[in-house]
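> Quick one, fold the following:
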Amino acid sequence: MPNNQRPRITAVTADGETIELNNISELHLEWDEGLPATLLLSPDHLQGPSLTLEVGSAEDEADSLTEYGIITLRPGASNIVDISIETESVDGSNDGH
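Residues are numbered from 1 along each chain as shown. Purely as a prediction, here's the structure:
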């Protein structure tokens with residue numbers, strides 16, 4: 001799948017209704033407590049079909065986000081999914097986790 005082609009996305013509501021979500025590339029998740037997260041569908045910085053979940057993992061004294069964790073899933077051959085987990089600083093340097 002080329003990077004610019006988005007996957008078909010459907011969602012299920014709390015009532016069990018299935019709805020189509022067209023042209024979605026990111027979902028931003030915010031809770032009343034805890035750090036925010038972003039779900040990226042086929043992000044442009046990765047080749048081929050993939051999904052990343054980016055979750056804030058550290059804040060400084062001013063409550064500014066300083067680090068975030070990334071979980072990347074890529075479909076593989078024969079029903080295999082490749083999963084990688086990394087930590088990045090907000091300034092873009094990789095901590096290598």
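> can you name the farthest residue from the center of the chain?
Distance from the C-alpha centroid of the chain peaks at residue 61, with 25.7 Å (Cα atoms, centre = their mean).
> Nearest residue to the residue positioned nearest the centre of the chain in space, please, no chain neighbours.
Central residue of the chain (Cα atoms, centre = their mean): residue 53, 2.5 Å from the mean position. What sits nearest to residue 53 in space, not counting adjacent residues and going by Cβ to Cβ, 6 or more residues apart in numbering, is residue 71, at 4.6 Å. For glycine as for every other residue, the C-beta is placed from the backbone atoms N, C-alpha and C.
> Over to residue 89?
residue 67 (5.4 Å).
> and the one you found, how far is that from residue 35?
Noted for residue 67: a distance of 10 Å to residue 35, by Cβ to Cβ, to the nearest Å.
> who touches both of those two?
56-57 (Cβ atoms under 8 Å, 6 or more residues apart in numbering).
> Packing partners of the helix or strand harbouring residue 66?
Counting by DSSP states H and E, the element that carries residue 66 is strand 65-75. Here strand 65-75 touches strand 51-59, strand 81-89, going by 3 or more Cβ pairs under 8 Å, 6 or more residues apart in numbering; DSSP states H and E.
> ranking those by burial, who's on top?
strand 51-59 (a mean of 16; mean count of other Cβ atoms under 10 Å).
> Contacts for that one, please.
So strand 51-59 is contacted by 35-43, 46, 65-74, 87 (Cβ under 8 Å, 6+ apart).
> Going through the residues you listed, which ones are buried?
The neighbour-count test (16 or more other Cβ atoms under 10 Å) marks 35, 37-43, 67-70, 72, 74 as buried among the contacts of strand 51-59.
> can you tell which of the helices and strands packed on strand 65-75 is closest to residue 14?
The minimum distance between residue 14 and the helices and strands packed on strand 65-75 falls on strand 51-59, with 21.3 Å, by Cβ to Cβ.
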